[in-house]
Structure formats: C-alpha cells, structure tokens
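[1] let's see this in three dimensions:
(one chain, ligands or ions: 1)
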Amino acid sequence: MAFELKSVVPWGRSLEEYIKIFKLTDSDLNSSIISFGDGPASFNSEMTKFDKKVVSLDPIYQFTKAQLKQRIDETKETVIKQTRANQENFVWKNIKNVDELEQIRMSAMANFIDDFEIGKEQQRYIYHQLPTPTKYEALEFDLGLSSHFLILYSQLGLDFHIQSISEMLRICKEIRIFPILNLNAVKSEILEDIINHFNSDFIVTLESSDYEFQKNGNETLVIKQKKIN
Ligand SMILES: C[S@@+](CC[C@H](N)C(=O)[O-])C[C@H]1O[C@@H](n2cnc3c(N)ncnc32)[C@H](O)[C@@H]1O
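    Okay, the predicted model is just below:
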C-alpha cells in the first residue's frame, strides 16, 4: 500500500530523549547505530554533530524537505491540543508540561529539517519501509533501535513484527525497542508472542528505561545475538 504523507503525523524526539529511552552508554554512542522508523527525530542530526555514526530509515524520507516541513506545521497544533486535553494520560517527569513538550518536539524537528538534505546525500537518511529487507550486510551494525514505532503500533500485526524484527536482527548485533506498550498505553498484545518467537535463538530481555511519558511505559525490549564471531 502506498505510504501517504497526509496520513503521517510527524513527531520527533531528541538525542537527549533517545539516550534516556535506550540507556545509551558512551560505548553505545560510539558504536555503529541504525534507527528504524526514525522519522523527524533529531537523533541522527545531533549525533552527526558529535561525529557519531547513525543511519536512519523511514518511509517519510521519500518526501522533500518542503513537504515534510509543511506537514509538521500542519499537524503540530492538533497534536499539542490533543495532548493538552489528555494530560492526565502522560507522566510529566522527563518533560515538565505541554509547553516544554512543544518546545522540545519543535526544536528536534527543526534540527531534523535543517539536516535532512545533506543527510540524504550522505546516506544517513534512507527511504525504507519495514518489513521490506534492507540493503545492508549481515551484522553490519552494532545496535538497531526502534523508538515509538514497533510494538507501539501493534495494529500492524504479529507477522509484520516478526518479519521486521528478523530483518533488524539480520543486520544488527543487538536491537532495542521502546516502548513495549501499545497506543492505548497498555502492554502490547503482541509482546508475549514476539518474545516467545525470538527466545530460543537470541537473548531476549526486558530492561528498565530512564524515560517514561506514557504511563508505565518505562521498559525496553532488548534482543541480542547469542554468538558473534
Ligand atoms: C511516532 S514516529 C517515531 C519517530 C522517532 N522514532 C521518534 O521516536 O521520535 C513513528 C515513525 O514510524 C514511521 N513508520 C511508519 N510505518 C513504517 C514502516 N512500515 N517502516 C518503518 N517506519 C515506519 C513513521 O513514518 C514515523 O516516522
């Protein structure tokens, strides 16, 4: 099915948020990282400024800078209005209030927009839609991340997740997926089946995160290769 810009609500997080979400250590930050469904996050642009290596994949990278900027401007007010109306559903710990949320998100997305064209040229932003296989070699990356895409969008189904995570594990030595809740902020109905599927061939754990915005959304699914030569 075609991926349409009008169905996208761009909403991107910052490097500081990714560090807390995935508990990224200095050693993690110095490794080679690929981030799936990275969207308009500023993770890649901020990491690049620190000379770190990140490749971001997302279907929205097929659109132009002007199209993406326009879509961000169009949707921002609705998202902020909805968040303000549902404030009690969120934990205001890492982010203090809706005004700060708006400031953090808009600044992250502005960073992304400024970096998008040069990043595309440098092959740091790659148009890719899971669960399609990627062009990368087996175990080419140390760490694969999914922030606020896999497991959260449980409506994509178990098969979609098994195929997507299998591809991530083909090219990454370790992957981390956050959160493990669905869009209704309850433990994702596909989590158990995902864990059971990968448990025998990989090391699968649930680890605490330093980030919580959805209530009780403070755990990360971590899957590692058993043997790396
Ligand atoms: C809520 S955003 C998260 C963006 C970013 N990871 C963050 O945490 O700030 C979800 C992202 O998933 C992307 N997405 C949707 N369908 C996808 C697919 N089939 N494969 C990869 N990414 C997809 C969307 O384009 C969007 O950028």
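
[2] any idea which residue sits dead centre in this structure?
    Ser147 (2.5 Å; C-alpha atoms, centre = their mean).

[3] does that one touch Phe178 like I think?
    Yes - with contact defined as C-beta atoms under 8 Å, Ser147 reaches Phe178; the gap is 5.7 Å. Bear in mind the C-beta positions are built from the backbone N, C-alpha and C, glycine included.

[4] just want the residue of this structure that's nearest the ligand.
    Residue of the chain nearest the ligand, by C-beta to the nearest ligand atom: Gly39 (2.3 Å).

[5] and the protein, which residues reach the ligand?
    By C-beta under 6 Å from any ligand atom, the residues of the chain that approach the ligand are 8, 11-13, 36-39, 41, 58-60, 129-130, 147-149.

[6] one more time with 5 Å
    Counting by C-beta under 5 Å from any ligand atom, the chain comes close to the ligand at 12-13, 37-39, 41, 58, 60, 129-130, 147-149.

[7] residue contacts, Asn199?
    Shown in contact with Asn199 (C-beta atoms under 8 Å, 6 or more residues apart in numbering): no residues.

[8] what are the phi and psi values for it?
    Phi and psi for Asn199, reported as degrees, to the nearest 10, are phi -60, psi -40.

[9] next: Glu189.
    According to degrees, to the nearest 10, Glu189 has phi -70, psi -10.

[10] how about Ser154?
    According to degrees, to the nearest 10, Ser154 has phi -60, psi -20.

[11] which residues do Ser147 and Phe178 both contact?
    Common contacts of Ser147 and Phe178 (C-beta under 8 Å, 6+ apart): Ile21, Phe22.

[12] ok, which pair from the residues of the chain next to the ligand is furthest apart?
    Farthest-apart pair in the residues of the chain next to the ligand is Arg13 and Gln129; separation 20.1 Å (C-beta to C-beta).

[13] which strands and helices sit next to the helix or strand of the chain with the lowest mean pLDDT?
    Across the helices and strands of the chain, mean pLDDT, DSSP states H and E gives its lowest value to helix 65-85, namely a mean of 95. Here helix 65-85 touches helix 98-121, going by 3 or more C-beta pairs under 8 Å, 6 or more residues apart in numbering; DSSP states H and E.

[14] which element follows the helix it packs on toward the C-terminus?
    strand 125-127 (DSSP states H and E).

[15] and that following strand, which strands flank it?
    strand 54-58 (parallel) (DSSP bridges).

[16] now do the partner strand: distance to the chain's middle.
    A distance of 9 Å separates the centroid of the chain from that of strand 54-58, by C-alpha atoms, centre = their mean, to the nearest Å.

[17] which residues does stretch 98-108 contact?
    Contacts to stretch 98-108, defined as C-beta under 8 Å, 6+ apart, come from residues 11-14, 17, 40-42, 76, 80, 83-84, 87, 95.

[18] please consider this matter closed, and thank you.
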